[in-house]
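S.K.: fold the following, please.
(chains A and B)
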Number of protein chains: 2
Amino acid sequence: MNNFQFCSPTEFVFGKDTEMQAGTYIKKHGGTKVLLHYGGSSAERSGLLGRVRQSLTEAGIPFAELGGVQPNPHDTLVYQGIELCRSEKIDFILAVGGGSVIDSSKAIAMGVPYSGDFWDFYSGKAEIAAALPVGTILTIAAAGSEGSGDSVITKTADGLKRGTGSDLIRPRFSILNPALTCTLPAYQTACGATDIMAHVFERYFTTTAEVEITDRLCEAVLLTMVRETPRVIAQPDNYDARANIMWAGTVAHTNICGVGRAQDWNSHMIEHELSALYDCAHGAGLAVIMPAWMEYVCPHGVMRFAQMAVRVWGCQMNFAHPESTAREGIMRFRRFLKSIGMPVNFAELGAKESDIPYLVEKTGIGTGRTGGFVSLGADDIAAIYRIAANAQA
Amino acid sequence: MNNFQFCSPTEFVFGKDTEMQAGTYIKKHGGTKVLLHYGGSSAERSGLLGRVRQSLTEAGIPFAELGGVQPNPHDTLVYQGIELCRSEKIDFILAVGGGSVIDSSKAIAMGVPYSGDFWDFYSGKAEIAAALPVGTILTIAAAGSEGSGDSVITKTADGLKRGTGSDLIRPRFSILNPALTCTLPAYQTACGATDIMAHVFERYFTTTAEVEITDRLCEAVLLTMVRETPRVIAQPDNYDARANIMWAGTVAHTNICGVGRAQDWNSHMIEHELSALYDCAHGAGLAVIMPAWMEYVCPHGVMRFAQMAVRVWGCQMNFAHPESTAREGIMRFRRFLKSIGMPVNFAELGAKESDIPYLVEKTGIGTGRTGGFVSLGADDIAAIYRIAANAQA
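M.R.: Sure thing, here's the model as predicted:
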C-alpha cells in the first residue's frame, strides 16, 4: 500500500425530509448570505426549491439565486456566478441539484476569492488556495461530487472539458434525501448508476499490489450497484434501493475506496471528449467507453480482471484459462449496462466513428501518455474508441 | 435504511515515517502547547517517543508529558491529565499509543473545559459540549479510536467500565504508520484484530432491513481481516498485511459501515465486565464473548447469520436448513479466533464461571433490557456468559 493522506470532512445529512434542514446547516457552517445555485425547472416544479427557500427564510438567511446550470456545466454560468457573489457579498454557496450543479458551485466558490481567471485551476495554471464554503442538496446519485474535492467544467468557446480538485472545495455539508431521486427518469437513473460504478472501477484497476482493504471496499460498492440498480429501474419508487444507491454513490467518490493505490482515470478522460462533442450524458458515454477500455487493457492485468469477474459478477474461475474468466467479467459488465438501458456503442450513443481522429486530438494527449493502470498513448486511445464504436452486448 | 447524520472530519496521514509530521499537523490544527500522552515503556524503547519529541521541537511547539496509561485506562490518570493541562495552559493533546491512550486523551480533552467531574460524561449525567482538540499517533490496529468519537474509561474505585461519545472528540488528525505495529507480539496483534472484527459485527447484526451498502462495507472489512490476520501472525514484518489491517481497523469504527442501521453492542457491554474484573485484553474478552452471543441470538436472525456464513466465511448455503449454515459460520468464526491464538472460553481467558452472577450484576442491567439486534435481559446475559465459559473451538 502506498502512503496517503485522506480527509473527508463533509457532514452528511441523509434521509427523508432532510432538505428542510438546509438553513440550519448553513448557519452551523457560518454562512450569512447565500447563493442558491440550481439547474432547470424540475427542482422548481417538484417543489424542492420552494422548500429550500422556506428553510433559508425560516433560518433568517438572505439569498440570491442563479439557476440554469446545464448538464456538462459550462464556464459561462460560472463567470456570472462569480460576479453575482462578489456584487452581493455572498459567503456561502448552496447547490441544489446533481453533479453538474455542484461542480458549477465549486467553480464559483474557488473563483470568487481568486484575482485571475477561474479557468486557471482547470487548465493547470494555478492551484486552489481558497474557496467559499459550499453546501449541497443532492437530487441524483451519480457524480459523487457531494462528497468529493473534484469539479469538472466545460469551456464553451472550444468545448474543452477539464477537471480540478482540492480538499478546499469538498462540501461542508451534503443533504441526501433518496426520496428526491424517486422521480428521476429511468435513463438518468441508469446514467447515474453507471457513473458510480465507473468511479469505483477507475480506482479498482491499479498497479499497486497488496491493497485488499480498498479492493474489498470497491467490490462492496459494486456489488451493491449490481443488486440495487435493476431494482430501481423496475421500481422507481423503491426508497430503500434508492437509499442504498445514494450512499454507494457518495462512498464511491470520497476516495475512501481509492486511498493508498494507483488509480487509472483514462476512461473518464476518454469519455469527456464524447460528452463534450455530442453533449450526451456522462454516464452514457462511460457505458460505451469503460467496457471498451477494459477489453483493450485486459491482457495487462488478467488476474485483476478475473478477480472482478469472480468477486463482482459471480463468475466461476477458470483456473486453466484465467483470461476467459477475465473476459467473461467484462462481457457481463456490458450486458448489465445494456440491461439497465445504457448504450453500448457509438450508434446507440449518437456518436460517429469518423470523428475518432478529432476526439483523440481533443484529448490533448499529443505524443504523451496517461493512465495509472495501463499507460496509454494516442494510438491506444484511438483503438479504444474503435472498440467502443462497434461493441455489441 | 434509517435517516442518519455522518461526519468523519479526522485527517488521516497514513504510511511509512509519517510520525515525523506530528509537529506540522499540530500546527495546522492550531495547537500551540501540547500534552504528549502515552502508555508504557515500549514507545520509549522503540525510539518512537524520541522521534515525536524531535518533530514537536523542530516545529517549535512546547509540550508537557504524561505517560503511564494502562490497558483499560483508568480515571485516576485522566484527573491528573486534566490538572496538568489546566496548570500548563495546554491547548492540544497528542496521544501516542493505542486505543487506551487515545481514549484517555479524549477523556482529558473533554474534562479540561468542563467545570464538573469528567466522569459525568461516562455515567450519562452530562453531554459533551466542548473539548480540547486531540491528535493521535497510532501504535496498534484495534480500537478504532483514532477515527471515532468514542471513549471507554474504567473507574478505579469500583471497577466500572463505561463509554461515551461525541463528534467533538473525534481526533483532528491521526497518524497511522503500519510499520510501528510490526513489533507487536502476536497475542496483542490478534487481540487487536478481534476487536476490529467485533466493531464490524456489532454493526452487522441489525434489525434494519434493506441496508445492502453497509452490509457489503462491513463484509469488506471482515473479509480483509480474515485474509490478513493469519498473514501477520505468521509474518509479523509483513508491512502490506499490517497496512491493510490498520486501514481496516479505522474504517471499521468511523461508523461509515454502520450508518442508517440499528446496531447491537451487547457483546461489548458483556465483555467490558470481563476486562474490568480480570484486567484481560478487551480483544481477548471479545473472542470469548462474541461467538457465545452469536450462538445465543442466532435463532432470532437465522438468515442474517447465514449471510455472514456465506459471504464472510465462504460456507456453502444449505437451502434446506439455513440454520445449519448460520451455525457453521459461527463455528468458523470461533475456529478462526483460536487459529490466531485467541482464547475461546473462560478457562483460557482466566475467568471463572462462578463469577457469572457478579459479572451480570456489574453490567448494571438490573431488570432492564439492552441491545439493538436482540434485546437482552439479565437472564440472557447470564446464559451468554455460561456459553462462553464452556465453549470449545
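
S.K.: so for A:N244, what's the pLDDT?
M.R.: You'll see A:N244 listed with a pLDDT of 98.

S.K.: so who does it touch?
M.R.: A:224, A:227-228, B:1, B:210-213 (CB atoms under 8 Å, 6 or more residues apart in numbering or on different chains). Just so you know, the C-beta spots here come from the backbone N, C-alpha and C atoms, and that holds for glycine as well.

S.K.: again, only this time at 7 Å
M.R.: Applying CB atoms under 7 Å, 6 or more residues apart in numbering or on different chains, we find A:N244 in contact with A:224, A:228, B:1, B:210, B:212-213.

S.K.: can I get the helix or strand containing it as PDB, trimmed to CA atoms?
M.R.: Using DSSP states H and E, A:N244 falls within helix A:239-251. What follows is helix A:239-251, C-alpha atoms only, in PDB (Å, rounded to 0.1, in the frame of the first residue of the first chain):
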ATOM      1  CA  TYR A 239     -36.900   4.100  -1.300                       C
ATOM      2  CA  ASP A 240     -34.600   1.600   0.200                       C
ATOM      3  CA  ALA A 241     -33.000   0.600  -3.100                       C
ATOM      4  CA  ARG A 242     -32.600   4.400  -3.900                       C
ATOM      5  CA  ALA A 243     -31.100   4.900  -0.500                       C
ATOM      6  CA  ASN A 244     -28.500   2.100  -1.000                       C
ATOM      7  CA  ILE A 245     -27.500   3.600  -4.300                       C
ATOM      8  CA  MET A 246     -27.300   7.100  -3.000                       C
ATOM      9  CA  TRP A 247     -24.900   6.200  -0.200                       C
ATOM     10  CA  ALA A 248     -23.000   3.900  -2.500                       C
ATOM     11  CA  GLY A 249     -22.500   6.900  -4.900                       C
ATOM     12  CA  THR A 250     -21.100   9.000  -2.100                       C
ATOM     13  CA  VAL A 251     -18.800   6.300  -0.800                       C
END
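
S.K.: next structured bit after that helix?
M.R.: Going down the chain from helix A:239-251, the next helix or strand is helix A:266-278, by DSSP H and E.

S.K.: dump the residue contacts of A:A131.
M.R.: A:A131 touches A:109-110, A:113, A:168-169, counting by CB under 7 Å, 6+ apart.

S.K.: can I get these in CSV including secondary structure?
M.R.: Formatted as CSV, those follow (DSSP: H, G, I helix; E, B strand; the rest coil):
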residue, secondary structure
A:A109, helix
A:M110, helix
A:P113, coil
A:L168, helix
A:I169, helix
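
S.K.: is it possible to mark the buried ones in those?
M.R.: Using 16 or more other CB atoms under 10 Å in any protein chain shown as the burial test, the contacts of A:A131 include A:109-110, A:168-169 as buried.

S.K.: which one of the residues you listed is nearest to chain B?
M.R.: For those, the closest approach to chain B (CB to the nearest CB) belongs to A:L168, at 13.2 Å.

S.K.: could you list the residues of the stretch 1-150 of chain A in contact with chain B?
M.R.: Residues of the stretch 1-150 of chain A lying near chain B by CB under 7 Å from any CB of the partner chain: A:1-9, A:11-16, A:18.

S.K.: after the helix or strand harbouring A:V101, next one along is what?
M.R.: Using DSSP H and E, A:V101 sits within helix A:99-111. Once the chain leaves helix A:99-111, the next helix or strand it forms, by DSSP H and E, is helix A:119-123.

S.K.: buried residues in that following helix?
M.R.: In helix A:119-123, the ones that count as buried by 16+ other CB under 10 Å are A:119-122.

S.K.: and A:I340, what pLDDT?
M.R.: pLDDT, A:I340: 98.

S.K.: pLDDT score for the closest residue to it other than its chain neighbours?
M.R.: Counting by CB to CB, 6 or more residues apart in numbering or on different chains, A:A190 is the residue found nearest to A:I340 once chain neighbours are left out, at 4.3 Å. Listed pLDDT for A:A190 reads 98.

S.K.: next, the angle from the helix or strand harbouring A:A190 to helix A:99-111.
M.R.: According to DSSP H and E, A:A190 maps onto helix A:186-204. Angle, helix A:186-204 to helix A:99-111, by axes from the mean of the first three to the mean of the last three CA atoms, to 10 degrees: 60 degrees.

S.K.: which residues of chain A score low on pLDDT?
M.R.: Within chain A, no stretch has pLDDT under 70.

S.K.: in whichever strand in it runs longest, what's buried?
M.R.: If you go by DSSP state E, chain A has its longest strand at strand A:4-14. Neighbour-count burial for strand A:4-14, counted by 16+ other CB under 10 Å, picks out A:4, A:6-8, A:10-14.

S.K.: before we move on, what about stretch A:175-193?
M.R.: Buried, per 16+ other CB under 10 Å, within stretch A:175-193: A:175-182, A:184, A:187-193.

S.K.: tell me the one of these nearest chain B?
M.R.: A:P178 (7.7 Å).

S.K.: in this structure the closest one contacts A:D240, no?
M.R.: No. With contact defined as CB atoms under 7 Å, A:P178 does not count as touching A:D240 (8.2 Å).

S.K.: just say helix, strand or coil for the spatially most central residue of chain A.
M.R.: Nearest to the geometric centre of chain A sits A:A143, at 2.5 Å (CA atoms, centre = their mean). When classified by three-state DSSP, A:A143 comes out as coil.

S.K.: identify the residues contacting it.
M.R.: Contacts of A:A143 by CB under 7 Å, 6+ apart are A:98-99, A:195.

S.K.: chain B versus that one, what's the distance?
M.R.: 17 Å (CB to the nearest CB, to the nearest Å).

S.K.: do the same with A:M269
M.R.: For A:M269, the distance to chain B - CB to the nearest CB - is 27 Å.

S.K.: now A:F63
M.R.: According to CB to the nearest CB, A:F63 stands 23 Å off from chain B.

S.K.: and for that residue, the neighbour number?
M.R.: 19 (other CB atoms under 10 Å in any protein chain shown).

S.K.: name the nearest residue to A:R327, ignoring sequence neighbours.
M.R.: A:C298 (6.5 Å).

S.K.: what does A:T229 give?
M.R.: Excluding its sequence neighbours, the residue lying closest to A:T229 (CB to CB, 6+ apart) is A:A193, at 4.3 Å.
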